[in-house]
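# my questions concern the predicted model and sequence given below.
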Amino acid sequence: MSSIVVSELEYAPPGADSLFFDVSFTVSPGEHAAIVGANGVGKSTILRILSGELETDEGEFALGGTVLRMTQDVGMSNPADSLRDMLVEVAPTALREAGRALHAAEAAMYSGEDDGTGFAEALTHWGDLGGYELEAQWAAAAKRSVKTDVEDFATRLVGELSGGERKRLVLDLLLNSGADILLLDEPDNYLDIPTRLWLEDQLKACRSTILMVSHDRTLLERVATKVVVIEGSGAWVHGGSYATFPEARARRQELLGDALKRWHDEERRLFHHMKIMKQRAAQNFKNATKANAAETRWEKFVAVGPPPPPVPDQQIKVRLRGADSARRVVQMLDVSVGDLFLPFSDEVHFGERLGLIGPNGTGKTHLLAALAGTIPADHGTINFGPRTSVGMFTQVNDRPEFRGRTCMDIVRRRIYDEEQAMKALARYGLAQQSRQEHQTLSGGQKARLEILCLELEGHNVLLLDEPTDNLDIESSEALEQALDGFVGTVIAVSHDRTFLATLDRFVMITDDGEIISLPDFPLALEALQRPAEASRMRLAKPLT
C-alpha cells in the first residue's frame, strides 16, 4: 500500500539539540498531505529522512511502494549541469545510481581513462533497469514543459532554461511518473501564476500519495487534504483542508489551555485532599489507610505529568517605518532591458504598492534590478525623485557580502548596540541563530534576516523580488501587515496570490514583451489566467 507511516521520529543536527522529537503521523494511500510550520522547524528535514538522505536519531517510518522526491532547490545548484544530470537526480534510487555511473563512465571514456568497455557496461546496466523508458518520459515531459525543443538531454544545459521551466519539467515528470509516493519540497517556488494553476490541477488529478512542504496559502487551500503541523518539537494532524486549518489550530490551542488548567485544578484538589486525610490520620490512626491511598493517588497523578501546553505562537514583528519623499518616486522613460520587453514609460508615486507580474522569463526581475541600479537599462532612463532611499530584497537571498558572517555581525553593522541588535533578531525569530553564519541558515531564515536589514537601513522605497517565497506563513502575514503600515513605496515581483492581493495596481509583462497596465488585483489575476486576452482586459491606454 502507498501509505506513509511515521512514528516518534527524533532528529538532532550534528552538535546541536534535537530539532524535533515525537513526530508521528500517517498519510493514507491517495491522500495529499502538507507539512506546515515555522521556518527552521524541520519540515524539509523530515522529507530528507523519509527519502533516506538523513538518518533519524530515534523512531521509525515506513513508506509503501516506489518513492520519488523533489528537493527545494532542484535545478538551481549548477547552471552548467546538463538536463540529464538534473533529471537523473529525481529518478528512482536504482536508476539514479545507474545514471550517475553512466555519466562517470562516459567522462572516463572521453578523457581516455577507459577504452569504452566500462561505458558499454554502464549503458547496458542503464537499459536493463529501464533507463530508455525513463528517457522517453523525459522527452514527453520536456515537450509539455519547455518552450523550445530539447533534442539532447546530455548536451542541453540547465542554465538554458528559466527557473520556472526547470521546476515545471521536474514536476511534470514526477506527477506523471506513476510513483506510489511523492515527496515534494516547495514545489511552487519559482513558478509563475499560470504554472501554479497548472500545478494545482496536476496535484488534484495525481493518484500518488503526496507529502509536500509549501508556503503558498492559496495552493494549500486548494490541494491539501490533510495538514501535518510541526510545532512544539512534535507534530499534530488536521485532517482537513488548509482553509479550515487556522480555525482548527485556534480551537486546539484553546482546548490545550483548558486541559492544562483542568490538570492543575485536579492536582491541587488531590493534594488538598491528601493533606486533609493526613491531618485526620494524625488525629485518628483509623484514617491512616485512607491517607496513604490519597497520597498514592496524588503521586500517581503527578507522575503521569500534565498535558502539553498551548504552543507559543511565533511572534514575528516587522517594523518597516519608511519616510516621506517627493510625490513622484520614480520615473521610467522608454525603458527596456535587453530584448526582454518593449520600451515603456511609467511613473510610480509615493505610497503606491505596484506589482510586476507576468509569466516566468519575461524580465520582471531584470526590471527590478535595473530600478535597483545593479544592472543597466539598455534603453531609456530611470530617475528617482528627491528624498528617496532604495532597498532591494533578492529572490534567492543571495548576499555574497553576508557569507562567513554571523547574524549578529550582519545586524551590528546596522545597530551598534549589541543588546538592541539581539532584540531586533528576536523580533524576527532569529535570536537562536545570532551566532550562526549566514550560509548555514534555512531559506526562510535568510529571507527574514534580509527583511530585517531593510528595516534597519530605513529605506522608503522597497524593491521586493518574491519576498514570500521562502517565508513561513506567519512571517508572510507579518510582512504583509508591516507593508500595510509602511510609510513609503513598494514595487514587488511576486507569484504569491495572497500577497499580490494586498497591492494597489499592476504592470504585466507578457511573453511577447508587451507592457499592460492593470488597475486592481481581480483584473490582474484574470489577465494572468488568460494571458492571450490580457490586452483586451486593460482599462487604460497602453503605456508604450
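Happy to help now that I have it. Residues are numbered from 1 along each chain as shown.
# hang on, Gly380 in a helix?
No. Per DSSP: H, G, I helix; E, B strand; the rest coil, Gly380 lies outside any helix segment and is strand.
# contacting residues for it?
Residues counted as contacts of Gly380 (CB atoms under 8 Å, 6 or more residues apart in numbering) are Met332, Leu333, Asp334, Val335, Ser336, Pro343, Ser345. Any C-beta I mention is one placed from the backbone N, CA and C, and that applies to glycine too.
# and what of Arg412?
Glu418, Ala421.
# ok so, going back, could I get the contacts of Gly380 as a markdown table with secondary structure and neighbour count?
Below are the contacts of Gly380 laid out as a markdown table (DSSP: H, G, I helix; E, B strand; the rest coil; neighbours: other CB atoms under 10 Å):
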| residue | secondary structure | neighbour count |
| --- | --- | --- |
| Met332 | strand | 22 |
| Leu333 | strand | 15 |
| Asp334 | strand | 13 |
| Val335 | strand | 22 |
| Ser336 | strand | 22 |
| Pro343 | coil | 18 |
| Ser345 | strand | 14 |
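# closest to Gly30 among these?
Taking CB to CB as the measure, Gly30 lies nearest Ser336 of the contacts of Gly380, at 48.7 Å.
# the closest one contacts Leu342, doesn't it?
Yes. Counting by CB atoms under 8 Å, Leu342 is a contact partner of Ser336 at 6.4 Å.
# low-confidence stretches in this structure?
1, 77, 312-315, 396-398, 532, 534-544 (pLDDT under 70).
# before we move on, the earlier item: adding distance to Lys147, write the contacts of Gly380 out as JSON lines.
Shown next, in JSON lines, are these (distance: CB to CB, whole Å):
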{"residue": "Met332", "distance to Lys147": "27"}
{"residue": "Leu333", "distance to Lys147": "31"}
{"residue": "Asp334", "distance to Lys147": "28"}
{"residue": "Val335", "distance to Lys147": "25"}
{"residue": "Ser336", "distance to Lys147": "21"}
{"residue": "Pro343", "distance to Lys147": "23"}
{"residue": "Ser345", "distance to Lys147": "29"}
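# the longest helix belonging to the chain: which residues count as buried?
Looking across the chain with DSSP state H, the single longest helix is helix 245-283. Of all the residues in helix 245-283, those buried under the rule 16 or more other CB atoms under 10 Å are Phe245, Ala248, Arg249, Leu256, Trp263, Leu270, His273, Met274, Met277, Lys278, Arg280, Ala281.
# any idea which of those is the one closest to Thr510?
Nearest to Thr510 among those, counting by CB to CB, is Phe245 at 35.5 Å.
# the spatially closest residue to Arg414 that is not a sequence neighbour sits in which helix or strand?
With sequence-adjacent residues excluded and distances taken as CB to CB, 6 or more residues apart in numbering, Arg414 is closest to Leu456, at 3.9 Å. Here Leu456, judged by DSSP states H and E, is contained in helix 443-457.
# same thing with Ser7?
Under the criterion of DSSP H and E, Ser7 resides in strand 4-11.
# sheet partners, orientation included, of that strand?
strand 20-27 (antiparallel), strand 58-63 (antiparallel) (DSSP bridges).
# single out the most deeply packed of these.
Most buried of the strands paired with strand 4-11, by mean neighbour count (mean count of other CB atoms under 10 Å): strand 20-27, with a mean of 20.
# how distant is that one from the center of its chain?
20 Å (CA atoms, centre = their mean, to the nearest Å).
# who touches that strand?
So strand 20-27 is contacted by 3-11, 33, 41-42, 45-46, 58-59, 209-211, 226, 228, 230, 233-235, 237 (CB under 8 Å, 6+ apart).
# can I get the CA coordinates of that strand in CSV?
The C-alpha trace of strand 20-27 is given here as CSV (Å, rounded to 0.1, in the frame of the first residue of the first chain):
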residue,chain,number,x,y,z
PHE,A,20,12.2,17.8,16.7
PHE,A,21,11.1,14.7,18.6
ASP,A,22,7.9,12.6,19.0
VAL,A,23,6.9,13.3,15.4
SER,A,24,4.2,10.8,14.4
PHE,A,25,1.6,10.9,11.6
THR,A,26,0.1,8.8,8.8
VAL,A,27,-0.7,9.7,5.2
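# before we move on, back to that, quick check: which helices or strands does the helix holding Leu456 pack against?
In terms of contacts (3 or more CB pairs under 8 Å, 6 or more residues apart in numbering; DSSP states H and E), helix 443-457 is packed against strand 390-393, helix 407-412, helix 418-427, helix 473-484.
# now do the contacts for Ala34.
Counted by CB under 8 Å, 6+ apart, Ala34 has contacts Leu211, Met212, Val213, Ser214, Leu220, Ala224, Lys226, Val227, Val228, Tyr242.
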